[in-house]
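Student: pasting the sequence and the predicted model now:
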Amino acid sequence: MIRQLQKDEEIPYDLLLLADETIEAINRYINDSEIFIFEKDNETIAIYVLQKISDYTIEIKNIAVDTKHQGQGIGKLLLRDAIARAKAKGFKTIVIGTGDTAPKQLHLYQKVGFEIFDIKKRFFLDNYPNPIYENGVRLKDMIMLKIELR
Ligand code: COA
């Protein structure tokens, strides 16, 4: 049910935009990343994006589940799939970042084994033209989490 999107297939920006604020921000990583989609009844309902950072590290740059299908375990399934794929490809570390105003996402990542290792201060102030508010708080820092794969 989860498969890699081929280069000649249309990129589902509508899903990617659930997890990232602008198309410009998505386009900074999408062309040298691998995209994986989750399909149900011929409809793409979830997505994640993997980008190689170094010979040892791969990053989940985007993960999103269509709003109608959230809260049903698909996000967790995608994270586990990404971890398994990173391991199978021989990477030593998989990383993921999330905003400092997103406790649900942070909790989900920690549940599947990610641990906080860094905070990119001012990431959302320096990389996005307009202020982003989440849960009524201005998004500033990116919390970085990782799993050491073995
Ligand atoms: N309220 C609170 N916690 C919730 C929740 C809700 N409505 N829905 C899910 N969770 C939490 C629970 O802790 C759940 O764990 P549990 O199954 O042990 O109870 C955990 O998240 C996993 O839920 P799951 O159903 O697998 O998540 P999902 O399919 O909704 O996917 C996201 C999670 C974050 C990918 C999805 O909500 C999404 O696409 N959000 C918008 C885009 C986004 O924020 N992407 C991440 C950018 S950092």
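Tutor: The structure has been received and is ready for your questions. Note that the structure is predicted; figures quoted are calculated from it, not measured.
Student: for this protein, which residues are neighbours of the ligand?
Tutor: 18-19, 63-65, 70-76, 98, 102, 104-105, 107-108, 111 (C-beta under 6 Å from any ligand atom). Backbone N, C-alpha and C define where each C-beta goes, glycine included.
Student: buried subset of these?
Tutor: For those, a neighbour count by 16 or more other C-beta atoms under 10 Å gives the buried set as 19, 63, 64, 65, 74, 75, 98, 102, 105, 108.
Student: is it true that the second one lies in a helix?
Tutor: Looking back up the chat, that one is residue 63. No. Counting by DSSP: H, G, I helix; E, B strand; the rest coil, residue 63 falls outside a helix, being strand.
Student: need the helix or strand of the protein with the lowest average pLDDT.
Tutor: When each helix and strand of the chain is scored by mean pLDDT, DSSP states H and E, strand 133-134 comes last, with a mean of 90.
Student: pretty sure residue 149 sits against residue 94.
Tutor: Yes. Applying C-beta atoms under 8 Å as the test, residue 149 and residue 94 come out as touching, 6.2 Å apart.
Student: so for the two, which residue has more residues nearby?
Tutor: With neighbours defined as other C-beta atoms under 10 Å, residue 149 and residue 94 compare such that residue 94 has more, 26 against 19.
Student: okay, helices next: where are they in this protein?
Tutor: 13-19, 23-27, 74-88, 103-111, 123-127 (DSSP state H).
Student: for the ones you listed, give me CSV that also has mean pLDDT.
Tutor: Shown next, in CSV, are the helices of the chain (pLDDT from 0 to 100):
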stretch, mean pLDDT
helix 13-19, 97
helix 23-27, 94
helix 74-88, 98
helix 103-111, 96
helix 123-127, 93
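Student: need these in JSON lines (columns: distance to residue 38).
Tutor: Output for the helices of the chain, formatted as JSON lines (distance: least, C-beta to C-beta, whole Å):
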{"stretch": "helix 13-19", "distance to residue 38": "10"}
{"stretch": "helix 23-27", "distance to residue 38": "18"}
{"stretch": "helix 74-88", "distance to residue 38": "6"}
{"stretch": "helix 103-111", "distance to residue 38": "16"}
{"stretch": "helix 123-127", "distance to residue 38": "27"}
